[in-house]
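[1] Just need the structure, nothing else, for what follows:
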Amino acid sequence: MAVSGKWGDLAPRVLSAIGMIVIGGAALWLGGFWFSLLAVIVSGGMIWELARMLGAPRPEIMGVLAAGAMAVGQGWSLGLGSLVLVVVPVIGAFLVARGRWIFAGYSLAVAAAILWFLATRADGIIGLLWVVLIVVASDILGYFAGRIVGGPKFWPRVSPKKTWSGTIAGWIGAGVVGAVFAGYGFEGPLGGGASVIVLSVLAAFAGQMGDIAESAIKRFAGIKDSSNLIPGHGGLLDRFDALTGAALFLFAVEVLKDGGLL
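    All right, here's what the predicted structure looks like:
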């Protein structure tokens, strides 16, 4: 019974992961309209979940507004597009029943991360594939190491299931991904070679912090999953929280580099 409980969510997680790989992989490969469409859908779904968690009276309205803002904003320059997307945090902050600053801050983070993904994909598929594989490797190794090795919890007050063994295994997996990409000559925001490996590990850690941040919001809201849209994974926020954290970190690295601070 203990083994069944420990691995009870594995089958639905795997089946859902296959579906996400097919849909997300196709949109990533095709780029253009299809990747933009996925960004619009994911943006709307994530904001719907966030508004729902924080008690907005009609969360579907916020989801539709977020999707519309993303559809309009991504067609403009990054600066103007960001201004359009600010409408969602401002309106939502007045509508939610609790956690207004949480809604405003996290919805801005979601918008910034998705804009970064769109801008990165516009420059080619390799950079975005690198980030996705970092998060996937960190998540998979963290999942299995946490359940097989177990041990001390990473931050039990916020995320009771996350262990140090799973966290470190995630860093190792990300480092391996970085080493493979560096070995094929890939250059990240700070160049190639060892910097790709270091950034891969740091991006994985940022992704884990994104997971922690979303767990903290769920604890604040008193719920287990952001929704039940994805069997075995919960909702879109549950699935894309790590990608959001990694994207924001790499976005910050690029801004600091362009500003001459790195």
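[2] List the buried residues in the helix of greatest length in the chain.
    The longest helix of the chain (DSSP state H) is helix 194-221. Buried positions in helix 194-221, judged by neighbour count with 16 or more other CB atoms under 10 Å: 196-197, 199-215, 217-218, 221. C-beta coordinates here come from the backbone N, C-alpha and C atoms, glycine included.
[3] Quick check: which helices or strands does the helix or strand where residue 136 lies pack against?
    Following DSSP states H and E, the helix or strand that holds residue 136 is helix 125-148. Judged by 3 or more CB pairs under 8 Å, 6 or more residues apart in numbering; DSSP states H and E, helix 125-148 is in contact with helix 10-30, helix 100-122, strand 159-163, helix 164-183, helix 194-221, helix 236-258.
[4] Please identify the pairing partners of the third one and their relative orientation?
    In its sheet, strand 159-163 lies beside strand 153-155 (antiparallel), with partners assigned from DSSP bridges.
[5] domain assignment for the protein?
    31-123, 124-262 (automatic domain parsing).
[6] Now do the helix holding residue 136, average pLDDT.
    The pLDDT scores in helix 125-148 average 91.
[7] before we move on, the earlier item: closest to residue 13 out of the domains of the chain?
    domain 124-262 (3.6 Å; CB to CB).
[8] Low-confidence regions, the protein specifically.
    Applying pLDDT under 70 to the chain flags residues 1-10, 75-83, 232.
[9] Repeat the analysis, applying 80 as the threshold.
    Counting by pLDDT under 80, the chain has low-confidence residues at 1-17, 73-85, 150, 155-161, 230-234.
[10] In contact with the nearest residue to residue 171 once chain neighbours are set aside: list those residues for me.
    Leaving aside its sequence neighbours, residue 171 sits nearest to residue 201 (CB to CB, 6 or more residues apart in numbering; 5.1 Å). The contact partners of residue 201, taken as CB atoms under 8 Å, 6 or more residues apart in numbering, are 171, 174, 175, 178.
[11] give me every residue that touches residue 166.
    For residue 166, the contact set (CB under 8 Å, 6+ apart) comprises 141, 142, 143, 145, 146, 147, 149, 154.
[12] Let me know the distance separating the closest residue to it other than its chain neighbours from residue 31.
    Nearest residue to residue 166, sequence neighbours excluded (CB to CB, 6+ apart): residue 146, at 3.1 Å. Remark: distance between residue 146 and residue 31 (CB to CB, to the nearest Å) = 34 Å.
[13] Neighbour count: these two, which is higher?
    residue 146 (22 against 15; other CB atoms under 10 Å).
[14] ok so, going back, wait, isn't the residue nearest to residue 166 in contact with residue 162?
    Yes - between residue 146 and residue 162 a contact is recorded at 6.9 Å, counting by CB atoms under 8 Å.
[15] just to revisit the earlier point, and the residue nearest to residue 166, how far is that from residue 95?
    For residue 146, the distance to residue 95 equals 37 Å [CB to CB].
[16] and what of residue 163?
    37 Å.
[17] Need phi/psi at residue 234.
    Backbone torsions of residue 234, given as degrees, to the nearest 10, read phi 100, psi -120.
[18] ok, it touching residue 226?
    Yes - in this structure, residue 234 is within contact of residue 226 by CB under 8 Å, at 5.7 Å.
[19] between the two, which one's more packed in?
    Between residue 234 and residue 226, residue 226 has the larger neighbour count (other CB under 10 Å), namely 27 against 22.
[20] hang on, the more buried one in a strand?
    No - looking at residue 226 with DSSP: H, G, I helix; E, B strand; the rest coil, it is coil, so not inside a strand.
[21] Would you format the helices and strands packed on helix 125-148 as a markdown table with distance to residue 91 included?
    Compiled in a markdown table, the helices and strands packed on helix 125-148 are given as follows (distance: least, CB to CB, whole Å):
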| stretch | distance to residue 91 |
| --- | --- |
| helix 10-30 | 28 |
| helix 100-122 | 10 |
| strand 159-163 | 30 |
| helix 164-183 | 36 |
| helix 194-221 | 19 |
| helix 236-258 | 19 |
